[in-house]
Every structure is written in C-alpha cells, then in structure tokens.
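1. predicted model and sequence below, questions to follow.
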Amino acid sequence: MKNKRLIILSVLAIFFASFLFALSLLEKDINLKLDIEKKEEKKEEVIKKDFKIELEKSKCNTKWKTIYEYGDGKKIKSKCGEVYYIDENSNKITLKEALDKEYIIIKDITDNMEVIWGTFDGGSTLYGYDKETSTISENSFNLEICRAISGNKNIFFISTKDKEYYCN
C-alpha cells in the first residue's frame, strides 16, 4: 500500500513539475512574441529622415581626425576632415553634435549606402556611397564599420579610392 502511494505521489510530482515546466516555456514563448511585435511596431514608427552628409575634405586624403567618441571608447575617425550633418531645413551641424542630440545614428547613414564587403572578424563591414546614385551627399565616400571580435570597434570615414583595411 505504501509503495502504491509512493508511486502515485511520484507520478503526480512528475506531472506537476512537467506542467510547470511547460507553462514556463509557454510564458517565455509569449514574451518572445510580444518582444518581436514591439520591435516591429518600433520599426514602423521610424520615419525616414531627410538629411545630408557633407565632408570638409571631399577627397578624404587628410590625416586622421577623431570626430566622435562613444562612452565605451569606440571612436569615429575621418580622413575626410570634419563630417557635417545637414537637416531637412538646411541647418548644418557637426556629426558629433547630431549624434549627441540623437538626430541621427550611424545606421541612418549606412541605410543609404551599399555594402561593398564584409569580413569574418566579427562582422566588420565596408559601406560605399556613390554621389551619382544616391541622395545624402554631394561627395562619394566609404564608411568602414569595425566589429572585430577582439579589437577594433571603430568607424572610419574614408575615400572611395582607399584600399586599406583599417579594422585590424
């Protein structure tokens, strides 16, 4: 009799544990779906920004200039001199100020560029902008975004003729 009770209690305990486990998985799945829906809603809320990018030195052949530094130490450097952000009302400010005021993020720029190549170092990517085919700048330039697994996470404004790899 004791063995039957023990077996029944063990089966019930396993059943309730399995039920609670399944319930927790279901809750995680529901939360994941809600998170995905929220992200999709945010994407729909994003309004395409009208802006221009202007380079101080259109040939991008000057010495390196750090134009922005993130809190984590990641830097945006330029061989094109200062980089300017021009809003839809033709107000011109430095890219640093536009990033600080959250008028723009780097992705807003790369969304208007073409991927030239990517590496397997963690996801570094070289983007190209051709003034003949796009609308955000009067200058052609490349933007190298480094995402090396160990090492460089900087961003570089460079010439379209520049053949060096700066993410190493």
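-> Okay, I see it.
2. I figured L95 hits Y68, correct?
-> Yes: when contacts are counted by C-beta atoms under 8 Å, L95 is listed as touching Y68 (6.5 Å). (C-beta placed from N, C-alpha, C; glycine too.)
3. which one of those two has more residues nearby?
-> Looking at L95 and Y68 with other C-beta atoms under 10 Å, you find the greater number of neighbours at L95, namely 23 against 19.
4. where does that one land on pLDDT?
-> pLDDT recorded at L95 is 97.
5. for N89, same thing?
-> With respect to pLDDT, N89 has a value of 92.
6. distance of it from Y103?
-> 12 Å (C-beta to C-beta, to the nearest Å).
7. ok, these two, which is more surrounded?
-> Taking neighbours as other C-beta under 10 Å, N89 and Y103 compare with Y103 leading, 16 against 6.
8. the more buried one and K153, how far apart?
-> 22 Å.
9. and the residue most central in space within the chain, how far from I145?
-> In the chain, the residue lying closest to the centroid (C-alpha atoms, centre = their mean) is K107, at 5.6 Å. Distance from K107 to I145, counting by C-beta to C-beta: 9 Å.
10. shared neighbours of L95 and Y68, which are they?
-> Common neighbours of L95 and Y68 are listed as I76 (criterion: C-beta atoms under 8 Å, 6 or more residues apart in numbering).
11. ok now stretch 134-148, how far from the chain's centre?
-> 14 Å (C-alpha atoms, centre = their mean, to the nearest Å).
12. next: stretch 157-166.
-> For stretch 157-166, the distance to the chain centre is 20 Å (C-alpha atoms, centre = their mean).
13. outside of it itself, list whatever touches it.
-> 55, 59-61, 67, 76-80, 83, 119, 128-130, 140-144, 146, 152, 154, 156.
14. what do you get for stretch 142-153?
-> Stretch 142-153 is contacted from outside by 72, 74, 106, 109-110, 113, 116, 121-129, 154-160, 162, 165-168, using C-beta under 8 Å, 6+ apart.
15. for it, the averaged confidence score.
-> Stretch 142-153 comes out at a mean pLDDT of 87.
16. list the buried ones in it?
-> Buried residues in stretch 142-153, counted by 16 or more other C-beta atoms under 10 Å: N142, L143, E144, I145, C146, R147, N152, K153.
17. helix or strand for I93, which one?
-> Using DSSP states H and E, I93 sits within strand 92-94.
18. and C60, what does it touch?
-> S78, K79, C80, F141, F157, I158, S159, T160, D162.
19. and of those, the nearest to I8?
-> F157 (72.1 Å; C-beta to C-beta).
20. just the buried residues of stretch 142-153: which are in strands?
-> Using DSSP state E, the members of those that fall in strands are N142, L143, E144, I145.
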